[in-house]
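> Starting from these lines, generate the structure:
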Amino acid sequence: MKRRTSGKNPKRWVAKVETDSTHPSQGLFTKSASMIAGALASRKVSPKGPSSGMRMLTYFIYRAGRSLSAKRRAELERAKSLLSKRIHRTAA
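Residues are numbered from 1 along each chain as shown. The predicted structure is shown next:
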């Protein structure tokens, strides 16, 4: 049995998310990859650890969608890679 979702486009679930658990600084995602990774790994921005920062970054990339330029997307993907390395370092 298929479940019907309300609204016009059920793929737009991300537009409805309104979480206010962390507070990254204004314009953080416009900075360099190393600055983004460093900020998202900090306890101030990600109180539950760098993994939480990785989820924020991934969410931002998905939310921006096609409006991200190729250059900006590449920088954000580089930040994901740096943050991933930091997560693996702390886990080991």
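> So which residue is smack in the middle of this structure?
Centroid-nearest residue in the chain, with C-alpha atoms, centre = their mean: Leu57, separated by 1.5 Å.
> Hmm, that residue is touching Leu83, no?
Yes. The criterion here is C-beta atoms under 8 Å, and Leu57 meets it with Leu83 at 6.5 Å. C-betas here are computed from N, CA, C, even on glycine.
> Now do the shared contacts for the two.
Jointly contacting Leu57 and Leu83 under the rule C-beta atoms under 8 Å, 6 or more residues apart in numbering are Ile36, Leu40.
> So what's the residue count around Pro24?
As a burial measure, Pro24 scores 18 neighbours (other C-beta atoms under 10 Å).
> Within the helices and strands, which one has it?
Per DSSP states H and E: Pro24 is located in neither a helix nor a strand.
> Next, give phi and psi for it.
Per-residue torsions, Pro24: phi -70, psi 150 (degrees, to the nearest 10).
> and it, what pLDDT?
On pLDDT, Pro24 comes in at 82.
> Provide a list of residues in contact with it.
Contacts of Pro24 (C-beta under 8 Å, 6+ apart): Ala39, Leu40, Val45, Met56.
> Go again with 6 Å.
By C-beta atoms under 6 Å, 6 or more residues apart in numbering, the contact set of Pro24 is Val45.
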